[in-house]
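# sharing a model that was predicted from the sequence below.
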Amino acid sequence: KGVLRDVMIPWYNAFRFMVQNAARWQAGASGRVFRPSAVTEADNSLDAWIKAEVSELIAFVHQEMQALDAWIKAEVSELIAFVHQEMQAYRLYTVMPALVAFLDQLTKWYVRLNRERLKGADEDAAQGLSVLFWVLQQVTCLVSPFTPFFAEFLYQKLRVFSPAFNQPTKDQELFGSADSVHFLQL
């Protein structure tokens, strides 16, 4: 009961909010298809992820970004590092409280404070939706060993927004091109 209330429902609500507002953005953007921005797309390998994070931090200085976007990306990065550290030490019991705390921050702070921005039809809304997509993508990949069926459900719904979806590629480790979330590494 607690896992459903504290993990699954908030995670699904953030996912549903992103999908609904991406559809709203597409309808208001004169026929354009929502694709997450290149800033949030990255190779799924750990080395490429670290390089992308460093280059993204450098780009942060040169580019105007919403403070909440930077905050939630930093929170995701901290969560990923924490989960990797705890899994390497076989302390799996500490992962779920950290995930619950993160999902609480995502839904109660990021989504609520950005609600009006994410409901827009301009480029700022697209950037915010791209960040929310990236967060959901990272969390879905990260938590797939703990919630395999729910993570797979969300992955199949999220992958249609990925630029790699239905593109001929030999790299089956890209988000969107892999047939299952369980083929991805984070």
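Thanks, I have it.
# next helix or strand past the helix-or-strand element of the chain with minimal mean pLDDT?
When each helix and strand of the chain is scored by mean pLDDT, DSSP states H and E, helix 46-62 comes last, with a mean of 54. As assigned by DSSP states H and E, the chain's next helix or strand after helix 46-62 is helix 67-88.
# packing partners of that following helix?
Packing partners of helix 67-88 (3 or more CB pairs under 8 Å, 6 or more residues apart in numbering; DSSP states H and E): helix 46-62, helix 95-105, helix 123-143. Bear in mind the C-beta positions are built from the backbone N, C-alpha and C, glycine included.
# send me the next helix or strand after the second one as PDB with only the CA atoms.
Counting by DSSP H and E, the element after helix 95-105 in chain order, helix or strand, is helix 112-118. Taking Å, rounded to 0.1, in the frame of the first residue of the first chain, the C-alpha atoms of helix 112-118 are listed here in PDB:
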ATOM      1  CA  ARG A 112       3.700  22.000  -9.300                       C
ATOM      2  CA  LEU A 113       5.900  25.100  -9.600                       C
ATOM      3  CA  ASN A 114       6.300  24.600 -13.300                       C
ATOM      4  CA  ARG A 115       2.700  23.700 -14.000                       C
ATOM      5  CA  GLU A 116       1.700  26.900 -15.900                       C
ATOM      6  CA  ARG A 117       5.000  26.900 -17.800                       C
ATOM      7  CA  LEU A 118       4.700  23.300 -18.900                       C
END
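# buried stuff in helix 112-118?
By neighbour count with 16 or more other CB atoms under 10 Å, helix 112-118 contains the buried residues 114, 117-118.
# elements contacting that helix?
Other elements packing on helix 112-118 under the criterion 3+ CB pairs under 8 Å, 6+ apart are helix 9-28, helix 123-143.
# packing partners of the longest one?
Other elements packing on helix 123-143 under the criterion 3+ CB pairs under 8 Å, 6+ apart are helix 9-28, helix 67-88, helix 95-105, helix 112-118, helix 148-158.
# buried residues in that helix?
Buried residues in helix 123-143 (16+ other CB under 10 Å): 125-143.
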